[in-house]
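Q: Below: sequence and its predicted model.
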Amino acid sequence: MPALAAAETYRIATYAAPLSRDGPGLLLRDILKGEDTQIAAIQAVIAHQYPDILLLTDFDYDLEGMALAAFADLFGNAYPHRFALRPNAGLATGLDMDRNGRKGEPRDAQGYGRFAGDGGMAILSRYPMGKVADLSDVLWRDLPGATLPKDFYPEEILDIQRLSSTGHWIVQLDLPDGPMTLLAFSATPPVFDGPEDRNGLRNRDELRMWQVVLGGGFGPPPTAFVIAGNANLDPTDGDGFSGAMARFLADPRLQDPLPGKDTANWPDDAAGDLRVSYVLPAADWDVMDAGVFWPAGDGPEAGLLGDDGLAAGPHHLVWVDISR
């Protein structure tokens, strides 16, 4: 009887690495110059983990994908497949979205952004990508069960206000043993607002978008899926509706490979250590291993993050190894 072939194992990761700059074109400039120590540290972390599929959730978008191509080239031929769409971050509305009496500011865009494409999302993959469903233009009030800030937005804003502060993508990847569906997102921080709590409510509904998707609310429910991204929400600590995150992690349709693991460390006088980035496979995947790249001590791995542990920014790469 012939031996059974070993199942393929895939490493899926997300990383809220600070690959956004102060203006359009500056990220490409810094990548090409090769002198930016933060980019070098981020590159070293990714190269150390070398995920098969990587979602970056703070990467400046440009129309021709030049910055993403230049960044992928830092890894040789490891990531021949790249994908990005224009984010809602920095997408001008012409309206006073934050109701402060002024227009044209970063918070007046569909998602906070100093310029179009500021802090978008990007995917690097060893495997080709197929069909994409982009839910980034879904209006907030059109999400089933949406909770918008009461008496805050006039109708002219409700008519255009998108739910996604950055984006919600459903991306099919063609793996050697069958398709995988990546559900990618990056949510607004649930802070930087007023008593109306518009960012807290939006953050919760950006997470709820996936529950609606899994229930077939925007087409057939995805199969063989992995949810990945920066939810900007801790299930037990920090600002925002933590209970919503805890309930989401308990959804029987998915599994949480890293319960209780923090993924970001802001300075002690700020938010502290929180879990905000997630890679959550569907319940029918076999989880082989998982981790957060957060080395302790003074070994060579810790050196990748610098003396203060912040050389690559406050967020840490989160990865999960899965198999069928």
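A: Yep, that arrived.
Q: Helix, strand, or coil at A47?
A: Under the three-state scheme (DSSP: H, G, I helix; E, B strand; the rest coil), the conformation of A47 reads as helix.
Q: try Q38
A: When classified by three-state DSSP, Q38 comes out as helix.
Q: any idea how far it is from Y112?
A: Between Q38 and Y112 the distance, using C-beta to C-beta, to the nearest Å, works out to 21 Å. C-betas here are computed from N, CA, C, even on glycine.
Q: Comparing those two, which residue is more hemmed in?
A: Y112 (22 against 16; other C-beta atoms under 10 Å).
Q: Just the pLDDT at the more buried one, thanks.
A: The predicted local confidence for Y112 comes out at a pLDDT of 98.
Q: Enumerate every residue touching it.
A: A89, G90, P106, D118, S165, T188, F192 (C-beta atoms under 8 Å, 6 or more residues apart in numbering).
Q: and these as JSON lines, adding secondary structure, distance to G23 and neighbour count?
A: Written out in JSON lines, the entries for those read as follows (DSSP: H, G, I helix; E, B strand; the rest coil; distance: C-beta to C-beta, whole Å; neighbours: other C-beta atoms under 10 Å):
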{"residue": "A89", "secondary structure": "strand", "distance to G23": "14", "neighbour count": "29"}
{"residue": "G90", "secondary structure": "coil", "distance to G23": "11", "neighbour count": "24"}
{"residue": "P106", "secondary structure": "helix", "distance to G23": "12", "neighbour count": "15"}
{"residue": "D118", "secondary structure": "coil", "distance to G23": "9", "neighbour count": "25"}
{"residue": "S165", "secondary structure": "coil", "distance to G23": "20", "neighbour count": "27"}
{"residue": "T188", "secondary structure": "coil", "distance to G23": "21", "neighbour count": "25"}
{"residue": "F192", "secondary structure": "coil", "distance to G23": "21", "neighbour count": "13"}
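Q: Among these, which one sits closest to D30?
A: Distance ranking of those against D30, using C-beta to C-beta, places D118 first at 14.7 Å.
Q: Kindly list the main-chain dihedrals of that closest one?
A: Summarising the backbone geometry of D118 under the convention degrees, to the nearest 10, its torsions are phi -60, psi 120.
Q: Could you tell me how far it is located from P190?
A: Look at D118 and P190: by C-beta to C-beta, they are 19 Å apart.
Q: Then D239?
A: From D239 over to P190 the distance is 5 Å, taken as C-beta to C-beta.
Q: Need the residues touching each of the two.
A: Between them, D239 and P190 have G200 as joint contacts when contacts are counted by C-beta under 8 Å, 6+ apart.
Q: what's the following helix or strand after the lowest-mean-pLDDT helix or strand in the chain?
A: Taking mean pLDDT, DSSP states H and E as the measure, the helix or strand of the chain with the lowest value is helix 300-303, at a mean of 90. Under the assignment DSSP states H and E, the closest C-terminal helix or strand after helix 300-303 is strand 318-323.
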